[in-house]
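Asks: Need the 3D shape of this:
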Amino acid sequence: MSVEHATPTIESIPAPPHERPATPQARQAKLDAIAAEVRVCTRCRLAASRTNAVPGEGHPNTEVLFVGEGPGFNEDQQGRPFVGAAGKFLTELIESVGWRREEVFITNVVKCRPPGNRDPGPDEIAACAPYLERQIEALDPALVVTLGRFSLQTFLPGARIGQVHGTVRPADPSAGKTGLSAYAMYHPAAALRAGALRTTLQQDMCGVPRALIEARHGQIAAGLPPELPPDSWPTPDATPGRMPIDEPPPYAPDPDPEPMPIDDPLIDPQPMPAPVPAGTAARGPSEDDQLSLFV
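Replies: Okay, the predicted model is just below:
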């Protein structure tokens with residue numbers, strides 16, 4: 001994929017700064033080296049219970065990085081991020097704005113599955129932080145899309161997802177790069193239980209191309225509205241792989257979405273209860289993907 005619009009070279013964090021690789025091949029080599037370290041990592045207790053570590057995957061030339069919270073059951077089995085029900089919905093969201101999953105890069109804050117899909121501990125997040133920082137350094141993205149509250153706290157410490165979803169803000173430089181923009185979204189798993197959040201995620205995703213343009217031009221808004229009609233978008237040079245494309249179409253919600261089985265996600269500020277039909281017993285825990293762990 002050729003480079004049509006390169007972002008300015010920005011000093012990486014932490015020091016010392018590293019020169020941005022000039023080619024996708026050089027960036028891929030850095031990403032491959034990080035992935036190789038992740039797969040054999042023993043920095044925290046999650047290494048003892050994992051089947052496979054999940055470094056992340058995507059296009060080395062992208063300007064858009066999606067960051068979730070941690071692998072679930074299916075991800076742990078396959079060693080790939082977002083491959084279960086939540087991953088299917090994320091892929092649909094990416095495609096809804098005219099992009100493809102393979103044109104962005106997808107990873108998580110922690111690279112190994114916490115047992116039972118529990119929340120990752122602060123020590124586990126800290127142990128994985130250097131890997132994420134180095135991935136950001138290698139990719140040099142303009143925009144990171146945060147998926148869920150642990151990812152949000154990595155890039156926008158102190159923010160509440162219910163207040164900032166669908167907006168773009170300057171990311172905390174300590175996350176790995178000065179000048180990075182962060183666009184906040186709920187985790188796709190949250191929408192699988194709470195139907196209203198499905199629509200919210202669809203609307204928020206419509207703002208990602210514009211957020212990329214804002215990030216490229218250094219025009220960081222205090223907050224973009226969750227729903228951005230196509231006529232409000234600038235003439236885009238807005239593809240995650242730095243190639244110009246036509247304006248992305250508005251998202252057309254599926255009038256009859258296929259139900260997907262999940263566990264209860266944690267939704268900020270309080271867990272949203274799932275309705276249980278009369279006469280139906282509450283379901284126990286399952287081995288589904290990226291669910292009870294994520295917002």
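Asks: just the strands in this structure please.
Replies: Taking DSSP state E as the criterion, the chain carries its strands at 57-58, 64-68, 105-108, 143-147, 168-170, 181-185.
Asks: List of residues touching the shortest one?
Replies: By that I understand strand 57-58. With Cβ atoms under 8 Å, 6 or more residues apart in numbering as the test, strand 57-58 has contacts from L65, R80, P81, R101, E102, E103, V104, F105, I106, T107. C-beta coordinates here come from the backbone N, C-alpha and C atoms, glycine included.
Asks: Spit out the contact partners of the third one.
Replies: Contacts were defined as Cβ under 8 Å, 6+ apart; by that measure P81 touches V54, G56, E57, G68, P71, E75, G87, I106, T107, N108.
Asks: need those residues in JSON lines with pLDDT, can you?
Replies: Formatted as JSON lines, those follow (pLDDT from 0 to 100):
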{"residue": "V54", "pLDDT": "98"}
{"residue": "G56", "pLDDT": "98"}
{"residue": "E57", "pLDDT": "98"}
{"residue": "G68", "pLDDT": "98"}
{"residue": "P71", "pLDDT": "97"}
{"residue": "E75", "pLDDT": "97"}
{"residue": "G87", "pLDDT": "96"}
{"residue": "I106", "pLDDT": "98"}
{"residue": "T107", "pLDDT": "98"}
{"residue": "N108", "pLDDT": "98"}
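Asks: Show me which of the residues you listed is closest to K177.
Replies: For those, the minimum distance to K177 (Cβ to Cβ) is 14.4 Å, reached by T107.
Asks: And for that closest one, the neighbour number?
Replies: For T107, the count of nearby residues is 28 (other Cβ atoms under 10 Å).
Asks: can you check R39 too?
Replies: Neighbours of R39 under the rule other Cβ under 10 Å: 15.
Asks: doesn't A53 make contact with it?
Replies: Yes - between R39 and A53 there is a contact under Cβ atoms under 8 Å: 4.9 Å.
Asks: That concludes my questions; thank you for your assistance.
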